[in-house]
Structure formats: structure tokens, C-alpha cells
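[1] give the three-dimensional model of this entry:
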Amino acid sequence: MAGRIPPDFIEHLLARVDIVDVIDKRVPLKKAGAEFQARCPFHTEKTPSFTVSPRKQFYHCFGCGAHGTALGFLMDYDHLSFPEAVEELARDAGLEVPREAGQQPGPDYGPAYQVLEQAADFFRARLRDHAEAARAVEYLKSRHLSGEVAANYGIGFAPPGWDNLIRALGQNPEGLERMRVAGLISEPSPGKTYDRFRDRIMFPIRDPRGRVVGFGGRVLGDGKPKYLNSPETPVFHKGRELYGLYEARQALREIPTLLVVEGYMDVVALAQHGIRNSVATLGTATTPDHLERLFRLTPEVVFCFDGDQAGRDAAWKALNTALPLLNGTREVRFLFLPEGEDPDTLVRKEGETGFRRRLEAATPLSEYLFSKLAEDIDTGTLDGRARLSEAARPLIQRIPPGSFRDLMQQRAGQLTGVRHTAPARAYPRPRGTVRPRSASPPSAVRTAIRLLLEDPALAAQPDLPAGWRQLDLPGVPLLAGLMDAAVRDPGITSAALVERQYGTPAWEQLQKLIAAPIETPEQGMASEFSGALLQLQQRADDTEWQKLTAKRLSDLSDEEKQRLRELQLNRAR
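    As a prediction, the model looks like this:
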């Protein structure tokens, strides 16, 4: 995909769509006066504090501070990049995204996504019609898997043979290259290729947009490896993707908890029994990227491991990965299964009710951390308690400053008798809270920008001061650019004004400004806006007057003398 998306197209796109429709498709909204409300999809709350403004085409949560335009919502809710969000919104609006010429073309991964989707279709079809598929169907039935769940997860079958998929999708050099980029073929030696997946039950792995990015294959029979994953490709990274996450989001409107298990069949078996909030890592340990993705959807993550030593070791690694991400609003717990059991076998024995009972009793991270450290320490002695304190200290310090770290230090003190005195500090103000009013009012530049974001039509008022544009002050070029855009396009929305600045340092600040409450009544906004510009004009005049009076009168040109007389006259008024 080549070139940058023109800002004018983004404005046009945002003018074509309604943020209320975009959000309501994903989070049901209710009318509340001139705005719409819902419970925030980005944090857990009982009382709705998530508001959507049709006039500004902007959303804001007064609970967690989340805010943005329709594009910002897609980026946060669907976990898309900015270009992906533009593409998604444009597709819904029936528009084609243009690209500016003259820039270095970027990589186009469209063919890779296309061939992966074709491969998924191929594997699903072979599960239905291939002569060898009976063994795969029998295996799935032995796991009590219904056709509905198999279809929901797109499960398929890769037939035995060296080149079934190659003959279907790679009959020419271009097709073969697409398969190579997508990780669908193996090349043991130059010029020799064969299907990577053969005689396996196939589990397509989808990204947050539902696109197939890779596969996991379970062997039928005694072949090795038992599970085979797609290799790292430009569109597939094991350290970021999670099997079943897309399907969980499709099945559940709200996700209070996400369960992390180890295998594809664990996810599918739990779904078969009504437990749709499970995901699996792809043959790797849980990464910070995995956890960040999970915590964007839920405040609580439960890791499910076997109760053997390998499971305990994996749990300890997951704990260490999670510590730097625990900010007081996130919770991690651990569910250890009886030895010899996995979620697949256990849920078939105990059913949904029994498994959920275990889930509710999962061990909190704090409890697991201290119990794990105390396993080989005699806490009945002073020496042992000192060892426990020293072992816990570096782990607790990895937790971000805040209430959870303080409580962990208190708990360590209760267990060891060593009191950790937390240094006095100012905790960061939660996003979305109103900053206490300061003694000094906001600057005229900030006031003008905030009012302009509230109503872009203010820029079209007649006889507005213009000399302020020469001021060398932070924010003046931004204000001038916003006003020019509003004058050029009289119908521009507040959201479009903000998105014009995407990729610049001003973008995030503008989102905060537009989300902040405004105290000026609607009938007074025009006069306050012109008043802010007049303040800037007066400051520009003062600066110019000081420069002119610093010169000797004989050194001034005729134009400068005339300008000085005008400024002196204005100062005398």
C-alpha cells in the first residue's frame, strides 16, 4: 500500500460517516439529551460514563478518560492502526482510499491476507469432502465437538500429501510467492517446495479484524511435532497474536475475564461447553504484547496451567511478565488444574458449572507470588523471613507505583515483619478527571483552540483580528492552521479538525482539549472566541511597538513610522 492518505480525504470520510452509527454497531448506545451514552467498553463500570457527541463527532469517557473520533474508536476498540482504521471506515462508507503520489511505496500485504483466506477455505472444504477427512471428523467427534463450534472457529483439514495446497493455490510463480510470504510452504532445498501443513486438523488464527494471519495444525496419528504453527511472517507474529481472541469478542459483548490456556483444542472445547472467553498463546510464553492486548478488552486475566512442575514454571514466567503491567485497575489470577488434566479433558468431566467454579476460585497473583517465594524458606525463623523479604523486594519494585504496589509492600511486611515505608509521592491523576482550577486562567491561544474545536464555524466570523498570526508563541501556528481549515471547509466537523493533525505532536493534545468540558454558554462562544483573538492581537501589537520604539526615529522607514503612529494611537484608546 503506497503513499500517505491525504488529509482532505480523511476530512471527507469523517463527514460521510456518523460516529454514533460506527460505535452503536459495536457498543449499543442510548439517547441522553443531545448526546448518547453507554457503559464504557474500555473499562468496567456500573453507571454509564461513556458519551458520544453527534455534533462534535467525538466520544469521551468521564470514567477512564478514553476519547477520540470514529477513527480513534476503531483503533482502540478493534485494535487497528490508523491506516487500517481509515480503510475500515472507508469500506463501510463505500469509498476507496486514495494515496498521495511521490512517496516511497510501503509493503502491500494484501496478497498474503488473500492467500491465507483462500487456504482457510481450502482446509474447511477438505474437512467436508476429502476421502481422508473421516479420521479428522472422528477425532473431533471424540472430543464431543459440534459442527456449529467447528464452523465458528473455522476448523479444517490439511490432507496427507506433499503438494495439495500448492496445486490449489500455487500453480504459477506469483501464487507460489504469495504462499511463501504467508508461510504456507516449506523449502528444504532450493527449488524444492512442499505444503507446510499435511495430514493435520487445521485451526485458523485470526487477527483483531478477523483476517486469517496464520494456522495451527494438530497432527493425526503419531507424527511429530504434535502441533505445528505458521512461521513468523510479515502478517503473523506469535508474540502478539492469540488464538480465539477474535472469536471471543464476536461471541461476547462484554468480557469481564479472559482465560489464557495452552492449546487450540482447550479453547474450542471450552467454547463447546459455553465458556467463550478463553484464548491460547501460540506455542510461546505469554508476552507483554499479549497482555496489553488482553487488558485492552478486560480488567482481569486468568492463566490456566497444569498443576505439574512445568505448569508451575510457566505460571511463574507469566507472573514476571505481568508485574510491570499491573496498574491497580488490572488483575491477574492463576488456575492450576489437577495433574494429568487440561481444560479440554476437565471441562468434559465436570461440565461448564464445575469448570466455572474452579475459575472463580483461581489464585490471585499476590497470593501466588508470596506462596511461591515461601516454598523453600522457613518463615518461622528470623533468617527465613529476612530471606523472604529480600526475595519479594525486587519483584514488588517491578510493579508500577500506585496503590497495588503499596498494598503488596504492606503484605510483605505482614508476612516478614519488615516494614517498607513507601516514599511520599504524588500519584498520577487518572485520565478523564478534571484538573483543579489554577489561579491563572488558560492562555488565549488555548481558549481560542478549545472554542474552535467546540464550533469550527467560529472561524468564519467577519472582522476577526489577524495580526496575531505573527506572534512567536507555542500554539499560534496550530491555531492558524485550524482556522484556515475551518474557513476553507465551512462544513468541517470538530472530529475532522482533530484528525487533520494525526501523526503530529498536537494530535493527542487536541483530543484532550475537545474532550474537556467547556464552561462558556453557547450564546457567548462567538464573543469569547473573538475576545481571545483580540488578546493575542494586542500582544502582537505590544511586541511590534517594543521593537519599533527600540530603534532610533531616524532609522525607521516611512512605513515603520506610520505603523508606530497607528500602534501609539491604539495604545492611547
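
[2] surely Ala459 meets Asp489?
    No: with contacts counted by Cβ atoms under 8 Å, Ala459 stays clear of Asp489, the gap being 10.2 Å. Placement of C-beta: from N, CA and C, glycine included.

[3] which of these two has more residues huddled nearby?
    The neighbour comparison of Ala459 against Asp489 (other Cβ atoms under 10 Å) goes to Ala459, with 23 against 16.

[4] domain-wise, how is this structure divided?
    7-93, 110-229, 245-361, 374-416, 444-572 (automatic domain parsing).

[5] do you know which of those lies nearest Arg99?
    Between Arg99 and the domains of the chain, the tightest spacing by Cβ to Cβ is seen for domain 7-93, at 9.3 Å.

[6] can I get the domains of the chain in JSON lines including mean pLDDT?
    Listed next are the domains of the chain as JSON lines, based on pLDDT from 0 to 100:
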{"stretch": "domain 7-93", "mean pLDDT": "87"}
{"stretch": "domain 110-229", "mean pLDDT": "91"}
{"stretch": "domain 245-361", "mean pLDDT": "91"}
{"stretch": "domain 374-416", "mean pLDDT": "91"}
{"stretch": "domain 444-572", "mean pLDDT": "81"}
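
[7] can you add distance to Gly239 and give those domains back as JSON lines?
    Below are the domains of the chain laid out as JSON lines (distance: least, Cβ to Cβ, whole Å):
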{"stretch": "domain 7-93", "distance to Gly239": "15"}
{"stretch": "domain 110-229", "distance to Gly239": "12"}
{"stretch": "domain 245-361", "distance to Gly239": "4"}
{"stretch": "domain 374-416", "distance to Gly239": "20"}
{"stretch": "domain 444-572", "distance to Gly239": "26"}
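
[8] ok, which of the ones you listed comes nearest Glu100?
    Using Cβ to Cβ, the domains of the chain put domain 7-93 closest to Glu100, at 9.4 Å.

[9] from the chain's centroid, how far away is that closest one?
    14 Å (Cα atoms, centre = their mean, to the nearest Å).

[10] repeat that for stretch 270-283.
    Centroid separation for stretch 270-283 versus its chain: 21 Å, with Cα atoms, centre = their mean.

[11] make 208 the first number, not 1, from now on.
    Fine by me, first position is 208 from now on; the one you just mentioned is stretch 477-490.

[12] and the end-to-end length of it?
    Across stretch 477-490, the terminal residues are separated by 19 Å (Cα to Cα, to the nearest Å).

[13] likewise for stretch 250-262?
    25 Å.

[14] cool, and stretch 758-765?
    For stretch 758-765, the end-to-end distance is 13 Å (Cα to Cα).

[15] please name the residues that touch Ile603.
    Ile603 is in contact with 612, 615-616, 619, 627, counting by Cβ atoms under 8 Å, 6 or more residues apart in numbering.

[16] what does Gly535 give?
    Gly535 neighbours (Cβ under 8 Å, 6+ apart): 607, 609-611.

[17] hmm, 6 Å instead?
    With contact taken as Cβ atoms under 6 Å, 6 or more residues apart in numbering, Gly535 is in contact with 609-611.

[18] distance check, it against Glu507.
    13 Å (Cβ to Cβ, to the nearest Å).

[19] which residue, other than its chain neighbours, is closest to Pro395?
    Tyr401 (7.8 Å; Cβ to Cβ, 6 or more residues apart in numbering).

[20] pretty sure the one you found is in a strand, no?
    Yes: assessed with DSSP: H, G, I helix; E, B strand; the rest coil, Tyr401 lies in a strand.

[21] touching, it and Trp369? I think so.
    Yes: taking contacts as Cβ atoms under 6 Å, Tyr401 lies within contact range of Trp369: 4.3 Å.

[22] if you rank the contacts of Ile603 by neighbours, which is first?
    Ala619 (25 neighbours).

[23] relative to Ser573, how far out is it?
    Per Cβ to Cβ, Ala619 is found 10 Å from Ser573.

[24] what's the answer for Val356, then?
    Distance from Val356 to Ser573, by Cβ to Cβ: 36 Å.

[25] repeat that for Leu665.
    According to Cβ to Cβ, Leu665 stands 53 Å off from Ser573.

[26] Pro663 now?
    Pro663 is 50 Å from Ser573, by Cβ to Cβ.

[27] which one of these two is surrounded by more residues?
    Pro663 (23 against 18).

[28] burial measure for Thr588, as a count.
    Residues lying near Thr588 (other Cβ under 10 Å) number 10.

[29] cool, and Glu439?
    Per other Cβ under 10 Å, the neighbour tally for Glu439 reads 12.

[30] name the element Glu715 belongs to?
    Under the criterion of DSSP states H and E, Glu715 resides in helix 713-722.

[31] for the next helix or strand after that helix, packing partners?
    Using DSSP H and E, the helix or strand that follows helix 713-722 in sequence is helix 732-756. Judged by 3 or more Cβ pairs under 6 Å, 6 or more residues apart in numbering; DSSP states H and E, helix 732-756 is in contact with helix 651-661, helix 765-779.

[32] contacting residues around Leu459?
    Listed by Cβ under 6 Å, 6+ apart, the contact set of Leu459 reads Arg483.

[33] relative to Phe410, how far out is it?
    Distance of Leu459 to Phe410, computed by Cβ to Cβ: 20 Å.

[34] cool, Ala569 as well?
    Distance from Ala569 to Phe410, by Cβ to Cβ: 25 Å.

[35] before we move on, what about Ile226?
    For Ile226, the distance to Phe410 (Cβ to Cβ) stands at 36 Å.

[36] for Leu352, same thing?
    From Leu352 to Phe410 the distance is 12 Å (Cβ to Cβ).

[37] between those two, which one's more packed in?
    Applying other Cβ under 10 Å to Leu352 and Phe410 shows that Phe410 carries more neighbours, namely 27 against 20.

[38] pretty sure that one belongs to a helix, no?
    No: read with three-state DSSP, Phe410 is strand and lies in no helix.

[39] just checking, it touches Gly421?
    No: shown here, Phe410 and Gly421 do not form a contact pair, counting by Cβ under 6 Å, at 9.6 Å.

[40] wait, is Pro335 part of a helix?
    Heads up, residue 335 is Arg, not Pro. Yes: counting by three-state DSSP, Arg335 is located in a helix.

[41] residue contacts, it?
    No contacts exist for Arg335 under Cβ under 6 Å, 6+ apart.

[42] so which of the helices and strands packed on helix 732-756 comes closest to Leu489?
    Here helix 651-661 is closest among the helices and strands packed on helix 732-756 (Cβ to Cβ), at 42.9 Å.

[43] what lies in contact with that closest one?
    If you take Cβ under 6 Å, 6+ apart as the criterion, helix 651-661 is touched by 665, 682, 686, 689, 701, 720-721, 725, 732, 736, 739-740, 742-743.

[44] adding neighbour count and distance to Arg298, write those residues out as CSV.
    Shown next, in CSV, are these (neighbours: other Cβ atoms under 10 Å; distance: Cβ to Cβ, whole Å):
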residue, neighbour count, distance to Arg298
Leu665, 20, 34
Gly682, 17, 36
Leu686, 23, 34
Leu689, 23, 29
Ser701, 22, 24
Leu720, 19, 30
Ile721, 25, 26
Ile725, 16, 34
Met732, 18, 36
Phe736, 23, 37
Ala739, 24, 40
Leu740, 26, 40
Gln742, 17, 45
Leu743, 24, 42
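
[45] no further queries at this time; thank you.
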